[in-house]
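Q: Just to be clear, the model below is a prediction. Sequence and coordinates:
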Amino acid sequence: MSIFSCSFATQPGNVAQDGVDGNSPYTKALAQTIKRPGLNIFEAFNEVGLAVMQATGNAQQPWVSNSPIRGTFFFAGAPANVVAAQPTNEVALLQERLKALEQQLKQSKDSDVAVATPPAVAPVAPQASLRPSSPPTAGAVVPGSTRAVLYEEDTNDPAGKLFVGSAVWRTETTKPGGDAAVRADVQIPERGLALAFSLRRNTDKALPASHTVEFLFTLPANFAHGSISNVPGVLLKTNEQARGVPLAGLSVKVTTSFFMVGLSAVETDLQRNIQLLTERTWFDIPIVYADGKRAILAFDKGEAGARLLQQALTTWAAQK
């Protein structure tokens, strides 16, 4: 499991300003902010972003990509008389469980083969919950689907690249009598990229997560960026142009094309996640390619997705 936090000078598809006094707005804000004691890393990056947006009239919006970080990190020291917070038992257990899952799958005979049916991993149960959904096929936009958009960075084009596709929503059951998962088959035909996205209630008592989100990507052999290196998490937003709000959870790369996010079971996180899943209409999936380039895959729930998610969340809540 990779642990990192990275603040970029501007959002994907934009070019950072150079400034007029020898330092760019981002460099100036970062240099000033990290000297302030008492700001943890997330607070510091947020303050930097706000300062840059103010200095540039919202033309430049720094972008942060991170995985969950155990404990609390301060650039200039913790505030006086305050002990850095430690992760809750639930979060710590979730981190360890996902890390163990990652290592066990990677130690299988061949972690790159047959991603659609990865080996069973004892003692985690049920086994079906560890299997990513069967991969979709990239192709033409499907009638009755919702809108999907892939935004990619492009060093030769400040506006970046935009590829339009579709998402088809449905439910699936991994085994007879088992819980239904909500699934979206996302296709970006021009890129040859397809994603099987699924959200399901976690029934594995050893995994302290309320729900799991799975991402199974299918890419062409000649994909321009090689492969997908990381999917830091999942965000929800109100419309295509809005900034996403992340769900509370931990992300793990299981194989070269299969990623999983365990959503936090801490009650406050759980309620906030449910609210975001219920009220927000678009999903944002941040992507880091193998060549270091960044992208965002966004897709709309539409009426079908919203209905299926609401029905599933209501059913799952009743099964606690």
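A: Thanks, I have the structure now.

Q: Domain map for this structure?
A: 5-66, 89-318 (automatic domain parsing).

Q: Any idea how far the shortest one is from the middle of the chain?
A: Looking back up the chat, that one is domain 5-66. 22 Å (CA atoms, centre = their mean, to the nearest Å).

Q: What of stretch 201-209?
A: With CA atoms, centre = their mean as the basis, the mean position of stretch 201-209 lies at 19 Å from the chain mean.

Q: tell me which residues of that stretch are tucked away?
A: Across stretch 201-209, burial judged by 16 or more other CB atoms under 10 Å covers 201-202, 204, 207-209. For every residue, glycine as well, the C-beta is placed using N, CA and C.

Q: low pLDDT regions in the stretch 201-320 of the chain?
A: Of all residues in the stretch 201-320 of the chain, those with pLDDT under 70 make up the ranges 320.

Q: so where do the strands sit in it?
A: Listed in chain order, the strands of the stretch 201-320 of the chain (DSSP state E, counting those that start in this stretch) span residues 209-218, 228-230, 235-237, 245-246, 249-253, 258-264, 282-289, 294-300.

Q: With distance to residue 148 added, can I get the ones you listed in JSON lines?
A: Below are the strands of the stretch 201-320 of the chain laid out as JSON lines (distance: least, CB to CB, whole Å):
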{"stretch": "strand 209-218", "distance to residue 148": "13"}
{"stretch": "strand 228-230", "distance to residue 148": "16"}
{"stretch": "strand 235-237", "distance to residue 148": "14"}
{"stretch": "strand 245-246", "distance to residue 148": "19"}
{"stretch": "strand 249-253", "distance to residue 148": "20"}
{"stretch": "strand 258-264", "distance to residue 148": "17"}
{"stretch": "strand 282-289", "distance to residue 148": "9"}
{"stretch": "strand 294-300", "distance to residue 148": "4"}
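
Q: nearest to residue 165, of those strands?
A: Judged by CB to CB, the one of those that comes nearest to residue 165 is strand 294-300, at 8.0 Å.

Q: just the angle between that closest one and strand 209-218, please?
A: On the basis of axes from the mean of the first three to the mean of the last three CA atoms, to 10 degrees, strand 294-300 is oriented at 110 degrees to strand 209-218.

Q: Convert strand 294-300 to PDB, retaining C-alpha atoms only.
A: Output of strand 294-300 as PDB, limited to C-alpha atoms (Å, rounded to 0.1, in the frame of the first residue of the first chain):
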ATOM      1  CA  ARG A 294      -2.800  12.600 -14.000                       C
ATOM      2  CA  ALA A 295      -6.400  12.200 -15.000                       C
ATOM      3  CA  ILE A 296      -9.900  12.400 -13.600                       C
ATOM      4  CA  LEU A 297     -12.600  10.000 -14.700                       C
ATOM      5  CA  ALA A 298     -16.000  11.500 -14.000                       C
ATOM      6  CA  PHE A 299     -19.400  10.000 -14.500                       C
ATOM      7  CA  ASP A 300     -23.000  10.900 -13.800                       C
END
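
Q: what packs against that strand?
A: strand 146-152, strand 161-173, strand 180-188, strand 193-201, strand 282-289 (3 or more CB pairs under 8 Å, 6 or more residues apart in numbering; DSSP states H and E).

Q: So which elements touch the second one?
A: Read it as strand 161-173. Looks like strand 161-173 contacts strand 146-152, strand 180-188, strand 193-201, strand 294-300, helix 302-318 (3+ CB pairs under 8 Å, 6+ apart).

Q: Each with direction, which strands does it pair with?
A: strand 146-152 (antiparallel), strand 180-188 (antiparallel) (DSSP bridges).

Q: Likewise for the last one?
A: Sheet partners assigned to strand 282-289 using DSSP bridges are listed as strand 228-230 (antiparallel), strand 235-237 (antiparallel), strand 294-300 (antiparallel).

Q: any idea of the angle it forms with strand 193-201?
A: Using the same axes, to 10 degrees: strand 282-289 against strand 193-201 is 120 degrees.

Q: who touches strand 282-289?
A: 65, 184, 195, 197, 215, 225-240, 242, 244, 294-301 (CB atoms under 8 Å, 6 or more residues apart in numbering).

Q: Filter those down to the buried ones, ChimeraX style.
A: To isolate in ChimeraX the members of the contacts of strand 282-289 that are buried, counting by 16+ other CB under 10 Å, one can use:
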select :65,184,195,197,215,225,228,229,230,231,232,233,234,235,236,237,244,294,295,296,297,298,299,300,301
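
Q: Tell me which helix or strand residue 158 sits in.
A: When elements are assigned from DSSP states H and E, residue 158 belongs to no helix and no strand.

Q: what's the distance between it and residue 145?
A: Computed with CB to CB, to the nearest Å, the distance linking residue 158 and residue 145 is 30 Å.

Q: quick one: which of the two has more around it?
A: residue 145 (21 against 12; other CB atoms under 10 Å).

Q: check contacts around the more buried one.
A: Residues in contact with residue 145 (CB under 8 Å, 6+ apart) are 166-168, 302.

Q: Kindly recompute the last result at 10 Å.
A: By CB atoms under 10 Å, 6 or more residues apart in numbering, the residues touching residue 145 are 165-169, 184-187, 299-300, 302, 304-305.
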